Structures are given as structure tokens and as C-alpha cells.
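Colleague: got a sequence here, can you build the structure:
(3 chains)
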Amino acid sequence: MTTSTEIPAILIRNLSVLYGPTAALDGVDLTISKGQIVGLVGHNGAGKSTLINAITGAARPSVGDIRISGALVHRSYSGNPLHMLRQGVRVIHQEPSLANVLSIADNITLNAVGEDRPRSERLSIAREALRNVGSRLDPSRLVATLDFGDRQIVDLARALLGDVKVLLLDEPTAALGKEETDRLHALLLRLAQQGKAIVYVSHRLRDILDVCDRLVVLREGRIVMDRLNEGITARDLSEAVSPHVVRSADPVDMKKFRGDTLLKARWRGHPYAIARSEIVGLFGMAGGPQFEFAKALYGLGASKITVELDGRTLGIGSPAEAMKNGICYVSADRERESLFHSMSALSNLCVPWLGRLSQRGFLSRTAMEHEYLRAREMLNIIGPGMGAAITKFSGGNRQKHVLGRWLTSIDRTRLLVLCQPNQGVDIGARADIARAIQDARAAGLTILVVSSEVDEIAHLVDRAYVCEQTPWVEVMRGPDFEQALMQTLIAGVERRAA
Amino acid sequence: MTRSVTPERAEQDSADENDPAMRDLSPSVTARVTGWIGGHMLLVGLVVLIVFFSLENPLFLSLANARSTLRQLAPIAIYSAPVALLLITRSIDLSLGAVVGLSAVVGIEVMNSAGLFAGLMGFLGVGLAAGALNGWLVSYARLNPIIATLGTGIIFEGLSLSFSGGKAGVPPALLLDIFRYEILGLRLEAFLMLTSILLCGWILHRSRFGRYLYAAGESERVAFLMGVNVRRLRFLMHCIVGLAGGIVAIVSVAKLGLAVGSIGSSLTLAVIIAVLLGGIDLGGGVGRMPGVVLGVFFVGILEVGLLIMGVTEFVQQVVVGTVLIIAIYTNSLRRKRTRSE
Amino acid sequence: MNGSIPDSATHGVIAWRARALNFLVSNGLLVALVAFVLAVTFVKPAMLRWSSLEGIIRYSADIAVVVFPLALLVIAGSIDLSIGSVAALSAIVMAKAAVAFGFPSGIALGLGVGVAIGALNGALVGYLKLNAVMVTLGGLVLWKGVALLVTDAQTIGAGVVPEALMDLGIGLQPVLYLPVHFYILIAVYLSCWALAHKHALGERLFAVGGDERAAYLVGINVGFVKFIAHVITGLGASLAGLMMFVRSGAVHATDGNGLEFDALTIVLLGGISFQGGVGRMRGVIVALFFMIFLRHSLVLMNTPLYFQHMASGILIVVALYVDSVLTRSADGRFTPNPGVIPSPPGPSSGFVAR
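Modeller: Predicted coordinates:
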């Protein structure tokens, strides 16, 4: 891992990327030398993906410039991934960018070495590329038949074909076991020795600390830490990523709130129960089973789930059914699943309750406004008036609207399922949301927080289940709650990989 | 499933209801037959169709009829191959018939005033220009391809009308002779048809462009990240479809002996139905050429069969409309099936 | 919810662009309309005679009964290309049934046809989730074929319509100095406007058209909303058929040819986005007058038939273009062409920023 004084592999100066009014990246300066492995960490929404996109040409910088091996990336070329590919910049996205419809060999050779050659040659090129990353998959298979881990390997094989100067990896180990992770890390070290520059983005601080030479922390689009990986602990890193926020509630006296059992459900053969007025967390890896469970509770699962709610056994097959029984849901994908971009803030808030807010079908303006004002107060919504388009509000305030849908109707909601509620939400809004959740709970609402972010879970819940193993492991809130959660998670990951 | 799954995960997977390993243990004969029929519906439908028509009129199975069916098929086949490629890139062209009409009307003028070769260039040029307009609107102006090409179809129809004044043009005898000339019992249009299908099939299944097409149709975003210039690709495909329209116009005029603006009016739906039945998905990224060939045969035989049966064109319209709806339905069924696998 | 909210907001994709769209559509189009009227009257003063203005109102009403329901349907993210054929078929059924069962029953049955076909479309598109364009395109051909078959391509219905009604239809019996069509026009506009902007169903139409997945996730019955929208449009189509029938006293299977394209052009020009979830009814009424006026002036100025035909196509493309420019994302984000079928949300087709 030599840091040389030659021309750096990547030189980024004063880079800003603006999406409308929001700055996804704000004045970023970053230099990465050849043969260096740089770990990039930060919250969801902190700008990691945007930075990667800017380097690979998938996003256009609004301000600033990027140099690859000294050559300035001309503005007209950004937005042209093919050009960046030819410049030797390769990226492994969290979701492998592969055409599922085509075979492994087709994907590997698309716009790459050997594209024009007959099929047999492409197959052997692909086989060679796969062997390079330690895989023996059959290159004639369709990518659609592969599982996530294998698709990632194909993505990797494709990325390493040809002359590679820079390799960017976005959450490469999210779905990998220990053995596969070690293999990947060994590969990365080998590549670094060959002089390639590597940018490694991950949530898994332990992995970052294992393999990276340098650590860079992004927060709200800015770099807040950039130092060598010497003498730094996971705790320091975690602190830099999400500094302690003033807790809006003291450690909860559970006996004060915890009521009788509200919900009983079975998952993968094991029973779990949630009591009234509890805030329970489901914690696990990104894309883990906790999200499947949450979806199933809202009728979005592959099959109808049967639960016992308030003593009554019922089956939930669709969101409408779930809502009828008082179960409400906030999706992790706010932009695509929660918001109505063409509608006003008022409409976005009131949309689930149109029946209730109308008289004989005709909408009651006063009722709707009343609802909105309540939500605004409860969640401290900041922004233009209720008639403005929802797109005029910041991410955090948009989320407040989504939460406001359910929090203002506590009389109709028994259980609120929140998936990654703090994703893309700024610090101030997080405090408002946490406060509103506590208030709601005090009024009798039960809340399930489902997340892959440990600080989110640790901040909000009374107790949590770590969903990495079956049966889930319960972790009660106490001092060092975050640590306990992470340790349980890591233990679970290691158990599975063993 | 792959073997890189850890033991615990495998356990979890098989606990799920959808374990494919559990499915095909010992299918009964009927299950297997219905399964095959379901997977090869078009082939079965085609056979049923042929049987039906031959029962109605034994002349249906004669060689002469086969020849005339082929002749009827040719324009549809020539057009369907590139249109299939266009649909695979997740675009569409509903101005197909109008392009043929415009190309015919303008081309015949050029041909009658400037000679055969210039005329042929005229036909092709108009088709290409129309395709380029469609391509520009869809790819670069980012308009919805359905409405945009519906609109341009109307525009082309109007242009046709204005250019020809409603009168029919007559092609020179040379053109008609060229298309009557037979090699190995087949006329020029059969060779054009073969070329179109083979060429498009080659592009789709054997060249790197075909892979670009599939990638672009499946996910524009992913294809973009893999370095495929999706916009240019779609634009090119529209141009090629337009060019094919010009060729179809030449063939149709030679066949009909007349050039009128309405010469392609039934083509649009016929081609779309053929392509849809052939397994091309409207959502892009799916479909293979052999299926399209079957689809073309289905539509061609249906047309000829109805003609032989002497049904009025009104009944034909009813049939066309119904078949389109059925084609869409099978299309969506197919999509649901592949998604659940 | 737009009753008292100033134009600066709501139902637009990007704030200032929404404002621009609103202004352009409801005012710009109005301005264009006024300018056009002035220009044409200068060239041909005959335009401003009461008889031609009155004719404009009558023709507007004929198409209005289906344009406003179609606008509702497009807002919900669907479409109906079979309107013309359904109108003709409804009128034919009306004529035939009237002969057998009397005129009022005839009307009822005719309208019933529109409702039934609308329900069929609604079931196929809303519940079976088939592609609306293709299904209704098939319907266009199918119902026209049925109409031709049933009438053997003959004009029918002569003498069926009662004298008095025909007089009303041709405008010989003005009510309060205005043809009855004026009231029909206003009635249809107001009811569709109220439904879209004041009623819960209208809000659901916008939600379903705007973000179908999100609508499903807040418990809206997406299939039903689309179904109802299709039924309303089907009813509108048969009403259009009725009005055509009463106006001319006879019906032919090819009446109403091209009605769907005219209606769609008006809807798009009126600011209703083809993607769904965006638009205001008042833009549609302005676009309606604009189109009818344009048509009339083209006829009055003796423009050749082909140009009138082309005008429709040109207008559709222009309307689409304006719509696309204004709904394009303002940020630098990659905006894929929605293609024939909007791509389903999923990892391979979108890109979740983390």
C-alpha cells in the first residue's frame, strides 16, 4: 500500500452536485493516489453514491472538476459512462448493473474487450475474467438465473476487464458471507498492489477498517474526516458518521408504557410478540429479512400472512386490508413509494383518509386543513405552505409529511411500521421525528422501526430484534445499546458464514 | 439455484413456498401436455388456424394458396422484423401504415418523372425521413412513442393526401416486371422477406448491437451505465423501421399495380399483432426472431383464410380488433409467468 | 385541493415549471385563442357572425361530453382510443332500439352500450392490468367492425329522432337565446371539474395517475379507480354518439372517425399530462374552444382537407412536446424515456440514491 507522490489517480477539487435546491455534494476536495484503498463512509443520503456517480460519469457536477490520472474530465464527457469506462474507471454498484436478459458472457463483454468476437471466444474471455475473481460460474448462463452474490461476482469480473485505473465499490459486501468477504478483500489488496486506486464505500465499519489505507467520512454532502487508517477504532469512525444527537427522550421506563400484547406473529417458524405502546426495532443487514417481515405485515408479502392482532386472528393480503385493521406502513423508498410528486403537501398528507375527510364524497377543505395544521405542529414541518408542491420541501420535511399521514390519525392506527425512517433526513428533522414518535407512543400507538442503520435503531427503540439469524435475537436497551446491537449482528453474520 | 448459498440460507429458502426444486417432481402426462401447449401457444394456435381454414375450404392447403399466402405475408414480414427490434428497445411505431402510404405516393411521382432508380431512392428516402422524424421525437425530444407516432401517422396521412390529391399513381411496367420475375419459383418479395428476417435475426442474436438492443430495452439506466448510447440506438432503430417502410411501399405498389395513400392502412395493426403474438414484449428487452416469424405466419394465414372464406371486411375488422386484445392479454400473461420464475 | 389556493402551486411537477405550465395553458392558450380570433375576423369577418359562433358552441358541446371524461381518464394514467367507434356504435344501437322500443328506451340502451364497453375496458385495464393503449386500439377496430357489420355500412336511423328533439339538436330552439348545447357544455364541464377538483374520487384519480405504487400503498383501490374512469369515459362516448345522432338525424358506422384523436389532442393541449396525475380542467375547456375555433376557421378559410387532417396530428405532437418539456426533471438526474410501458419500480430500472 504505497502512497506515491506521482500524479494522483483521482483528483477532485471543489466538487458540488446540485439536484434542484439540494446539494448532494458540497465543495468536496479529495485526492486518491495509485495503489491506495480509500474507505468512504457516511449515512444514507450523505452523498456517497453521488460522489461515485460523479467520478464514473453518471452524474454531472454542477461546480468543480475531476481529474483521472491527471487528465481533466471535460464537462461534456461527464454524463457519458462509456468515456469513463475507457478512461479506466470501473464501478461496482450496490445493485449490479447487468442486463438480466443476457448471458454472463454477453454482459462481461458488453462494450468491453472481445465484444466483436464470435461466441466461443467471448465465452472463454468471460471464463478467464471469472477465474480472475475466483469464480467458476458457467458463462453461458443467463444473469437472470443468478442470485445476488453471483451477479456481483459477474459485475466484478466485468469491471476488471481491460485497463483498470480506478475501481469504485458501492456496498460490495452487503450480501456476502465472511468467506466471500475475505476473498474480496484479498482481491482488492492484490489490485492495490498492482497500482490501482480503489474507493470502497460501505456501512460495515469493520470491513472498512480491515482493508482500507485511508478513511473518508461524508456527512450532508461534505467531507468531515479524511485520515489514514492508523490507530482509529470503529467507535471513532461511527462517531464521525453520526455524532450523538441530543436524545429527545430519556431512557424509557418501559413499565410505564408497555401494555398488553398487541401483535403476535410467526416468522420462519418462530413466534414474536409486540406489546402496546412499545417501540420495537428490527435490525439487520441492508436488504435483510427484517424488511420482508415488515412488508408482509402490510400485505405486501409473497403470500398472505396471519397474525394475531389485539387477540383476533386475521390474515393480511393487501395494504387496504392492513389499513383497515389499523396497521400502517412507511416505505424505505420515500420517493418512489410514499410521495405523490405532482400533488401538493396538503394532498400528500391527506391522501389515505380521503373518505374520512369528505362529506358525501366531497372533500371538506376545512377538515383537510385542520389535519395538516395538526401534523405541522406535531412534526414541526418547515417549508412553504400546505398548498405548495411537495417537491418544494426538503427530504426531511417530506418525510414528516409521510409520517404525518399516520401520526395524526392515532385513533385509527394501532401499529405503525417505519422502514428506514431517517433515510435522507437531516439531523434537525430527525430530532423532530423522534420526538413525534415518542409523543405518539405516549398516546397509545405501537411502533415498529425496521432498519439497517444501527444508530437509527439505537436512537428510537425500547428494544430490538437482530434479524441476522433465525430465531431473531432480542437486545434490550441499555448502556452501549449500539455496541450490543452491532456485536449481535456481527456474531450472526459470522455464524452464517461459518 | 447456485451453490454459493450458505447452509442456513438454503434452509430458509426451502422453507419458502416457492421452492422450484419441489415443483417438477413427477408431472402427469396431462400436466406435461398442457404445459407444453401453454408454452407454445402460438404454434398450437397456428395449427388450429390452418386446420380450421382447410376444413372450411380444402383449397386452402393447395400449393397455389401457399404461394399467394407468402405473397400476402411478404410486406408484413419485411416490416415485422425491424419493428420487432424496435419494440425490443422499448419503443414503438404506430405510424407504420402511414409511412408506407406516404412513401408510395411520393415515390411513384419521383419514379414516373425521374426514372426507376431515382424512384426507388425516392421511396426509400421518404421512409427514412419519416423514420428519422419519429426517431428524433422519441429519442431526443423524449416524447411518448405511442402518442408521438400516432400523431406523426396522422401527419403523414395528411401529407399523403396533399401530395397525391387523392389520385392513384401508376408504376412503370418495369417495376411490375421486376417483381414478377421468379428465381426458384420465388419472387423478389420472398427474397426481400427472407433478407429482412435473416438480417434482423442476425443483428439481434449474433451481433453486439443485438445485445445493446436487449440491454437498452430492459433497463435504460443500466444500459447507460454499461456505456450504451441508448438514445442513438433508438433513433437508429426508428430510421431502420422507416427505411423498411419504404421497401414495403415498393413491394406493395408492385403487387397492387397502383400507388395510393391508403396502401398501408391495414399494415400497422397487422405488424403490431404479429410482433406481439411472436413474443415481443411491449416493455422491451424480451423476444426472439423465430417467435416473430411464427407471429407473422399467424397473421398472414389469418388474413388469407378470412379472405378465402369470403368474410366481409367488417368481420375482418372485428377479428383484427379481437386478436389484438387477445395478443395483449397473452403478452401480459407471458410477462407475469417470466416474472414469477 | 385547489379551491382557494393561488395558481402558484399544486398539481405541477416542479414548482416554477408548474406555474409556467399553468399560465401557459390556461392563460397562454387563452391569449392565443383571442389573438387567433382577432386575426381570423380581420381576414374573414364572417367568423364573428352569430350563426358561426353558435355553430362553434354546438360543435364544442358535441365533443365536450367526451373530452372532459377523457381528461379524467388521462389524469388517472389511462387512455381510451376507441371513443369514436363506441360513439358510432352507441348511436347505431340507439337508432335500432328506438325503432323497436321507442325513442327513450333507445337512448337508454345506447348509453348502456357506452357504459358496458367502458366497463369492459375498465376491467381489462384496471383489473387485468393490460396496456390501455393497445386494448382500446383493438377496441377501436373491433367496435367499428361491429358497427359496420350490424348496419352493413348503411346509414340508418332516418326518421327515428322526434322532430322537436331534432330542432333542439340543430339549434332551432334556443333556450334563453342560447342553443341547448351551451347548457350541456357547461353542465358537463362543471360536473367533471367538481369531480376532479372537489371530490374524493378526483383526488384518487390524481393519486393513481401520479404515482400508482404510492397510491396502492396508501390503501387506494387502484383497479377500481381506473375502472370507474373508464366507465365514465364510455358513457361520455355514447353521449357523444347521441348528440351526433340528434344533430344529423341519422347515423353511419364511420361517424365519429377520428373523434378520439381530436379529444386526445384537446386533453393534451389543455395541460393534462399523458403520464398522469397532472392537469386542471379549466385548461381543457380553453383548449376545447381553441381546437373548435381552429377547425372552424380552417373550414371557413377554405383550407384544403388534407391540411385540416394534418392539423390534428401536428397539434398532438406539439402538445406532447410542450408537455414533455415542462414535465422534464429540472435537476441533472437521468430521466429515462418512459417508453411504451412505464417501467416497474425495481432495482434494475431505477437508481436509489443512498
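Colleague: strand partners of the helix or strand where A:V199 lies, parallel vs antiparallel please.
Modeller: With elements taken from DSSP states H and E, the one containing A:V199 is strand A:197-201. Sheet partners assigned to strand A:197-201 using DSSP bridges are listed as strand A:37-42 (parallel), strand A:166-170 (parallel).
Colleague: just put those strands in a markdown table and tack on distance to A:R158.
Modeller: All C-beta atoms are positioned from the backbone trio N, CA, C, and that covers glycine. Formatted as a markdown table, those follow (distance: least, CB to CB, whole Å):
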| stretch | distance to A:R158 |
| --- | --- |
| strand A:37-42 | 20 |
| strand A:166-170 | 12 |
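Colleague: ok, which of those comes nearest A:I68?
Modeller: Proximity to A:I68 (CB to CB) singles out strand A:166-170 among the strands paired with strand A:197-201, at 6.5 Å.
Colleague: using PDB, write out every CA atom in that closest one.
Modeller: Included here for strand A:166-170 are C-alpha records, laid out as PDB according to Å, rounded to 0.1, in the frame of the first residue of the first chain:
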ATOM      1  CA  VAL A 166      -9.700   3.200 -10.700                       C
ATOM      2  CA  LEU A 167     -12.200   0.800  -9.100                       C
ATOM      3  CA  LEU A 168     -15.100   2.000  -7.100                       C
ATOM      4  CA  LEU A 169     -17.200  -0.300  -5.000                       C
ATOM      5  CA  ASP A 170     -20.500   0.700  -3.500                       C
END
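Colleague: mind giving me the packing neighbours of the next helix or strand after it?
Modeller: Downstream of strand A:166-170, the first helix or strand assigned by DSSP H and E is helix A:178-193. Here helix A:178-193 touches strand A:37-42, helix A:148-159, strand A:166-170, strand A:197-201, helix A:205-211, helix A:481-497, going by 3 or more CB pairs under 8 Å, 6 or more residues apart in numbering or on different chains; DSSP states H and E.
Colleague: please list the residues outside helix A:178-193 that contact it.
Modeller: A:1, A:35-37, A:133-134, A:149, A:156, A:160, A:164, A:167, A:169, A:172-173, A:176, A:198, A:200, A:207, A:210-211, A:213, A:493-494, A:496-498, B:4 (CB atoms under 8 Å, 6 or more residues apart in numbering or on different chains).
Colleague: how far does the strand holding A:V199 sit from the chain's center?
Modeller: 18 Å (CA atoms, centre = their mean, to the nearest Å).
Colleague: average pLDDT across that strand?
Modeller: For strand A:197-201, mean pLDDT rounds to 92.
Colleague: right, and A:A234 touches A:D210 too?
Modeller: No: under the criterion of CB atoms under 8 Å, A:A234 makes no contact with A:D210, lying 10.5 Å away.
Colleague: can you name the residues of the stretch 101-250 of chain C that neighbour chain A?
Modeller: Residues of the stretch 101-250 of chain C lying near chain A by CB under 8 Å from any CB of the partner chain: C:194, C:198-201, C:203-204, C:206-207, C:210-211, C:213-221.
Colleague: residues near the residue in chain A positioned nearest to chain B, how many?
Modeller: Residue of chain A nearest chain B, by CB to the nearest CB: A:L82 (3.2 Å). Using other CB atoms under 10 Å in any protein chain shown, A:L82 has 16 neighbouring residues.
Colleague: over to B:S219?
Modeller: Neighbours of B:S219 (other CB under 10 Å): 28.
Colleague: among the residues of the stretch 101-250 of chain C next to chain A, which are in helices?
Modeller: C:194, C:198, C:200-201, C:203-204, C:206-207, C:210, C:213-217 (DSSP state H).
Colleague: can you give me the helices in the stretch 201-350 of chain A?
Modeller: If DSSP state H, counting those that start in this stretch is used as the criterion, the helices of the stretch 201-350 of chain A fall at A:205-211, A:234-241, A:254-257, A:289-297, A:319-324, A:345-350.
Colleague: before we move on, the earlier item: would you check how far apart the residue of chain A closest to chain B and chain C are?
Modeller: Distance from A:L82 to chain C, counting by CB to the nearest CB, to the nearest Å: 14 Å.
Colleague: my guess is that residue contacts A:N111. True?
Modeller: Yes: A:L82 lies in contact with A:N111 (CB under 8 Å); the separation is 6.3 Å.
Colleague: re earlier: ChimeraX command for the buried members of the contacts of helix A:178-193?
Modeller: Burial among the contacts of helix A:178-193 is assessed by 16 or more other CB atoms under 10 Å in any protein chain shown; the matching ChimeraX selection reads:
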select /A:35,36,37,133,149,156,160,164,167,169,172,173,176,198,200,207,211,213,493,496 /B:4
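Colleague: and the ones in helices among the residues of the stretch 101-250 of chain C next to chain A, which are buried?
Modeller: When those are checked for burial by 16+ other CB under 10 Å, the buried set is C:K198, C:A200, C:L201, C:E203, C:R204, C:F206, C:A207, C:G210, C:A214, C:A215, C:Y216, C:L217.
Colleague: for those residues, give me JSON lines that also has distance to chain B and pLDDT.
Modeller: Converted to JSON lines, these look like this (distance: CB to the nearest CB, whole Å; pLDDT from 0 to 100):
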{"residue": "C:K198", "distance to chain B": "29", "pLDDT": "93"}
{"residue": "C:A200", "distance to chain B": "29", "pLDDT": "94"}
{"residue": "C:L201", "distance to chain B": "25", "pLDDT": "95"}
{"residue": "C:E203", "distance to chain B": "25", "pLDDT": "94"}
{"residue": "C:R204", "distance to chain B": "23", "pLDDT": "95"}
{"residue": "C:F206", "distance to chain B": "19", "pLDDT": "95"}
{"residue": "C:A207", "distance to chain B": "21", "pLDDT": "95"}
{"residue": "C:G210", "distance to chain B": "16", "pLDDT": "91"}
{"residue": "C:A214", "distance to chain B": "20", "pLDDT": "94"}
{"residue": "C:A215", "distance to chain B": "20", "pLDDT": "95"}
{"residue": "C:Y216", "distance to chain B": "17", "pLDDT": "95"}
{"residue": "C:L217", "distance to chain B": "20", "pLDDT": "94"}
